[in-house]
Every structure is written in C-alpha cells, then in structure tokens.
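Trainee: build me a structure from this.
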Amino acid sequence: MKENTKWLLFNITVVFAIYWAGNLLLWFPWSIDANLGIGLMLTIMPLLWGFGIYHCLIRYKGEKVLAGVIINSIIMLVIAVVSDYIFFGLIRGAMDDLYQPTTFYGYVFLTIMPFLELLFFKKLIIKKKCLLTAKSFISFGAIGLLSLLILIAIIKFDIKI
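Mentor: Predicted structure coming up:
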C-alpha cells in the first residue's frame, strides 16, 4: 500500500511540474502573439506531457500497466483542471480566457495521452521499469515549484521581454 501511495504522489508531483514548467515556457511567446503561443503549445506540450507520463508509468509497480494508465490519466485531468483554475482564476484573474472550447479539447487530449503512450510504447514502458526514489520526487518537485514561483513573479510584477 505504501508503494501505491508513493506512486500516486509521484504522479501528482510530475503533473504539477509539467503543467507549471510548460506554462512558464509558453508565457512569453504567448504574450507576444497568441498564435505563436498556440503553435508552440501544440508542439512542445505533448512532448513534455509524454515525458512526464513515461516517467510515471515506468515507476508503476502494479501487475497491469493499464490500471496505472487509467490512474495516471485521471490524476492528469484533475490536476490540470485545478491548476488551470489557479493559473487563470487566482493568479491571472482571467477566467474568461479559460473556458474556451480549446480548453476542453486539451483536457480530452490530456486524458487520452497516457493510453496513446501505452499503445505505442508498451514494450519500452514494461522493459524500463525502475524504482521510485526521493531524487525523482525532488527533481520534478523543484522544477514545478520553481516554475510556479517564477511565473507568479512574472505575472504579478508585469515583467515583459
């Protein structure tokens, strides 16, 4: 049971890190031009999410990888929805920008992405199983926290390039 809890917490940490690092990477291009931001989001974010999903799934200890994919998918959706509310509502005060059709398309894509990764990389995921270590938590957690703090500072102090 302890291993499952650690793995769930690791998933939350990875999704937190990818979400905030991705928003930090996209902030300046998006503020220069929305189309540039959208284009970069459609190319960069699937790679970042794929990287995060991979790191979560190779650390899953359950017998059936599909169960880990389902759990990972749910965690990703929940954290993304909550983080979007925090980012758009609390930090930016821009809830009108959030609930657009593209946001919901993004949620659907994010939900199915772990399944796509399993479909295309199942052998690699099963073959590359590794242990969940404190270093893994610290690395992803530090990236997420640092990205969030930098993004808050950029937005609150209205830093421009």
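Trainee: who touches the helix or strand bottoming out on mean pLDDT in the chain?
Mentor: Least confident helix or strand, the chain: helix 95-98 with a mean of 86, by mean pLDDT, DSSP states H and E. For helix 95-98, the surrounding residues in contact (Cβ atoms under 8 Å, 6 or more residues apart in numbering) are 84-85, 88-89. (C-beta placed from N, C-alpha, C; glycine too.)
Trainee: would you mark the buried spots in stretch 103-110?
Mentor: Neighbour-count burial for stretch 103-110, counted by 16 or more other Cβ atoms under 10 Å, picks out 106, 110.
Trainee: try stretch 26-41
Mentor: By 16+ other Cβ under 10 Å, the buried positions in stretch 26-41 come out as 26-27, 29-30, 37, 41.
Trainee: check the residues you listed against residue 145 and report the nearest one.
Mentor: Of all the buried residues of stretch 26-41, residue 27 has the smallest distance to residue 145: 16.4 Å, by Cβ to Cβ.
Trainee: chain center to stretch 127-136, what's the gap?
Mentor: Distance of stretch 127-136 from the chain centroid (Cα atoms, centre = their mean, to the nearest Å) equals 18 Å.
Trainee: start at 651, not 1
Mentor: With 651 as the first residue, the last one maps to stretch 777-786.
Trainee: as a check, name the ranges of all helices in the chain.
Mentor: Applying DSSP state H to the chain gives helices spanning 652-682, 684-707, 715-734, 745-748, 751-777, 784-806.
Trainee: hey, least reliable of those helices by pLDDT?
Mentor: Among these, helix 745-748 has the lowest mean pLDDT, at a mean of 86.
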